[in-house]
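Peer 1: Okay, here's the prediction I keep looking at, along with the sequence it came from:
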Amino acid sequence: MFFDRLLAAVGLGGYNSAAAYERHLRSKLRQHRGNRDLAFADAIGSDSIALFENQGDAQIAVLRHHGLTDGMSVYDLGCGCGRTAQALQRAGWHGRYTGADIVEGFVSELKRKCPGFDAHVHREPSIVAADASVDMLFHWSVFTHVSLEECFLYLEDSFRALKPGGKLVFSFLELTEPSHYERIFENRVGRLRRNRRLKLLDTFLHRDWIALWAEKIGFEAPQFTAGDDQSSHPQMWQTLAAMVKPV
Ligand SMILES: C[S@@+](CC[C@H](N)C(=O)[O-])C[C@H]1O[C@@H](n2cnc3c(N)ncnc32)[C@H](O)[C@@H]1O
């Protein structure tokens, strides 16, 4: 840990997502000292409690649109501090929830807020579930922070863990989407221009790459929903991909 920090400080360290996210959470806890809930919400990208709850409720609306019902076994990859888990709990959903994240502080916060839900600290690009055991696997704003190779490994292992007919739903950033380009990409380029550090990795994907991976792995062709589309559920800002493991 000490050497990771030392190498990062002198600009020689490789990117370590768990260390970067742990640093990020510690800095939010310092920034919002005295308001722990806000610190956790801000650490996963919601800068108010109202937004944290609205976004969680919107995630549930997306899952319901894609077939979520009581009694299902669901898996929340990169579950963070439980924005979705807390929304499921608020909605009175009953079923088998498993969350996984690389940050211990997030996982223990989720368990504190949702004592009936199961969650693990897991730092390998794999799914902590038996073969063909999950009805619905989802992740929000997670492929936005991992390398392309890790995305592929997560997709491949999601296929293994899903039941035949099970569904994968996730959000991602597109460089060709003007709002993602302007708000995220240009902002990051600007930071580098000003010699500022990029604290977290931000990854952009392309619909064609996701379709290619789906085909190679054996999923049915993915469906995409633009981030500003609110025809079936609230708009999510990030683009959504949904794909089914064939029966
Ligand atoms: C923007 S937050 C979203 C959290 C949660 N999905 C939600 O919507 O509230 C991104 C999450 O991805 C997790 N994460 C980052 N890199 C990861 C990786 N390689 N594998 C799994 N999770 C990762 C972070 O720890 C963080 O909890």
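Peer 2: Okay, I see it.

Peer 1: residues from this structure in reach of the ligand?
Peer 2: For the chain, the residues in contact with the ligand (Cβ under 6 Å from any ligand atom) are 17, 21, 44-45, 78-80, 83-84, 101-103, 106, 139-142, 145-146, 150. No exception for glycine: its C-beta is placed from N, CA and C like everyone else's.

Peer 1: Now intersect those residues with the helices, please.
Peer 2: Ser17, Tyr21, Arg83, Thr84, Phe106, Glu150 (DSSP state H).

Peer 1: Show me what the helix ranked longest in the chain is in contact with.
Peer 2: In terms of residue count, the longest helix belonging to the chain (DSSP H) is helix 49-65. The contact list for helix 49-65 (Cβ atoms under 8 Å, 6 or more residues apart in numbering) reads 37-38, 41, 44, 46, 68, 74, 83-84, 86-88, 90-91, 93, 136, 138, 140, 169, 232-236, 240.

Peer 1: Phe204: neighbour count?
Peer 2: Look at Phe204: counted by other Cβ atoms under 10 Å, it has 18 neighbours.

Peer 1: One more: Pro125?
Peer 2: 17.

Peer 1: Next one: the residue nearest to it when sequence neighbours are not counted from Ala132, what distance?
Peer 2: Once flanking residues are discounted, Pro125 sits nearest to Leu153: 3.9 Å by Cβ to Cβ, 6 or more residues apart in numbering. As defined by Cβ to Cβ, to the nearest Å, Leu153 lies at a distance of 18 Å from Ala132.

Peer 1: Could you point out which residue ranges in this structure have low pLDDT?
Peer 2: Low-confidence segments of the chain, defined by pLDDT under 70: 1-14.

Peer 1: all strands for it, in order.
Peer 2: 73-77, 96-101, 118-121, 134-139, 162-172, 223-225, 239-244 (DSSP state E).

Peer 1: Pairing partners for the shortest one, with directions?
Peer 2: For strand 223-225, sheet partners with direction are given as strand 239-244 (antiparallel), following DSSP bridges.

Peer 1: now what about the strand it pairs with, what contacts it?
Peer 2: Taking Cβ under 8 Å, 6+ apart as the rule, strand 239-244 contacts 62, 66, 165-174, 177, 207, 210, 214, 219-227.

Peer 1: Taking their axis directions, that strand and strand 162-172 sit at what angle?
Peer 2: 170 degrees (axes from the mean of the first three to the mean of the last three Cα atoms, to 10 degrees).

Peer 1: And strand 239-244, what's buried?
Peer 2: Of all the residues in strand 239-244, those buried under the rule 16 or more other Cβ atoms under 10 Å are Thr239, Leu240, Ala241, Ala242, Met243, Val244.

Peer 1: Let me see the contact set for Gly227.
Peer 2: Glu177, Ser179, His180, Gln235, Met236, Trp237, Gln238, Thr239, Leu240 are the contacts of Gly227 under Cβ under 8 Å, 6+ apart.

Peer 1: Show me which of those residues is closest to Asn187.
Peer 2: His180 (10.5 Å; Cβ to Cβ).

Peer 1: Got phi/psi on the nearest residue to the closest one once chain neighbours are set aside?
Peer 2: Ranked by Cβ to Cβ, 6+ apart and with sequence neighbours excluded, the top spatial neighbour of His180 is Leu173, at 4.6 Å. Per-residue torsions, Leu173: phi -100, psi 140 (degrees, to the nearest 10).

Peer 1: Next: Glu177.
Peer 2: Per degrees, to the nearest 10, the backbone of Glu177 is at phi -90, psi 120.

Peer 1: how far away is it from Val244?
Peer 2: 24 Å.
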